[in-house]
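Visitor: Sequence and predicted model, in that order:
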Amino acid sequence: EAGVAQSPRYKIIEKRQSVAFWCNPISGHATLYWYQQILGQGPKLLIQFQNNGVVDDSQLPKDRFSAERLKGVDSTLKIQPAKLEDSAVYLCASSPGLAGLFQETQYFGPGTRLLVL
Amino acid sequence: GENVEQHPSTLSVQEGDSAVIKCTYSDSASNYFPWYKQELGKRPQLIIDIRSNVGEKKDQRIAVTLNKTAKHFSLHITETQPEDSAVYFCAASKGGSYIPTFGRGTSLIVHP
C-alpha cells in the first residue's frame, strides 16, 4: 500500500512570498489533515477535511493560510504572504474516515520543510 | 479545548534499561490515545495506541497504560536499544470531532 505523498520536500522562500504544498493521501482515505510542526514541538493541527468538506480549521491563520481539497482526494495548503514564524515542517496525514466512536489511526506523509528568510 | 502535557522533555537511559514517558490530558471526553515515534528528519510513525475502553495494551517491548480517572496515560519501553532513540509524542482525541492534540514530545536517548 502506498503511503501519504507530499511535495515539495524542502522549500526556501523570502518573507512576504507565497508558497504552496501538495498532499496525496492513501487511496480511499476520506479524512485528510494538515499539521504544522515547529522545531522542538509536537504537530499542531491546522485543518481537517472529511472528503472535500472542512471539519475543523479553528487553528488555521486564515488571513494568510488557505487549504482546499477539491474532489475529495489531493489537497493543497497555501501561505500568502509568508512570515518568518511560518518556518516549520508541514505534515499531511490521512485516515480512513469511517464514522464511529473512536478516533482512527493517522498515517503521516514525509512532510515539507519550509524555511522563510 | 483539549490540553496535553508530556513529561519529561528529555530522557536519557542506558541500553537495556526501561523508559517511561507520561502524558496528562484535560478533556474527560477524550477516548483515543496514540503514541508516535519520530526519528530525526522523518515522519511521525504510530507505535502503539489505546482506546478508553481498555486500561493497558502491550506490543512486545512497548506498553501503554491509561488511567481515565486521573486523566493520564503512559508509554513504557522495556529493554531499550539504541535504535529506540527518537522523539516520542503522545496525543489525545475524541470520537465525533476527531481533532487530535499532541504533547510537546520527549527526546529519548539510549546510550549503548
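Guide: Nice, I can see it. Numbers count the residues shown, from 1 in each chain, chains lettered A, B, ... in the order given.
Visitor: Buried residues in the lowest-mean-pLDDT helix or strand in chain A, which are they?
Guide: Sorting the helices and strands of chain A by mean pLDDT, DSSP states H and E puts strand A:53-56 at the bottom, at a mean of 88. Buried positions in strand A:53-56, judged by neighbour count with 16 or more other Cβ atoms under 10 Å in any protein chain shown: A:Val55, A:Asp56. Backbone N, C-alpha and C define where each C-beta goes, glycine included.
Visitor: now stretch A:24-41
Guide: Residues of stretch A:24-41 classed as buried by neighbour count (16+ other Cβ under 10 Å): A:Asn24, A:Pro25, A:Ile26, A:His29, A:Ala30, A:Thr31, A:Leu32, A:Tyr33, A:Trp34, A:Tyr35, A:Gln36, A:Gln37.
Visitor: The fifth one: what's its closest spatial neighbour, skipping adjacent residues?
Guide: Spatial nearest neighbour of A:Ala30, excluding adjacent residues (Cβ to Cβ, 6 or more residues apart in numbering or on different chains): A:Gly97 at 2.8 Å.
Visitor: The one you found contacts A:Gln50, correct?
Guide: Yes. Between A:Gly97 and A:Gln50 there is a contact under Cβ atoms under 8 Å: 5.9 Å.
Visitor: Quick check: neighbours shared by the two?
Guide: Shared contacts of A:Gly97 and A:Gln50, defined by Cβ atoms under 8 Å, 6 or more residues apart in numbering or on different chains, are found at A:Ala30, A:Thr31.
Visitor: For B:Glu2, the count of nearby residues, please.
Guide: 17 (other Cβ atoms under 10 Å in any protein chain shown).
Visitor: State the phi and psi torsions of it.
Guide: phi -70, psi 150 (degrees, to the nearest 10).
Visitor: residues contacting it?
Guide: B:Glu2 is in contact with B:Tyr25, B:Ser26, B:Asp27, B:Ser30, B:Ala92, B:Ser93, B:Lys94, B:Ile99, B:Thr101, counting by Cβ under 8 Å, 6+ apart.
Visitor: just A:Ser87 next, same as before
Guide: By Cβ under 8 Å, 6+ apart, the contact list for A:Ser87 reads A:Ile38, A:Leu114, A:Leu115, A:Val116.
Visitor: quick one: pLDDT of it?
Guide: You'll see A:Ser87 listed with a pLDDT of 97.
Visitor: quick revisit: of the contacts of B:Glu2, which is the nearest to chain A?
Guide: Nearest to chain A among the contacts of B:Glu2: B:Ser93, at 4.4 Å, using Cβ to the nearest Cβ.
Visitor: The closest one contacts B:Ser52, correct?
Guide: No. Here B:Ser93 lies out of contact with B:Ser52, judged by Cβ under 8 Å, at a distance of 10.8 Å.
Visitor: shared neighbours of these two, anything?
Guide: In contact with both B:Ser93 and B:Ser52: B:Ser30, B:Asn31, B:Tyr32, using Cβ under 8 Å, 6+ apart.
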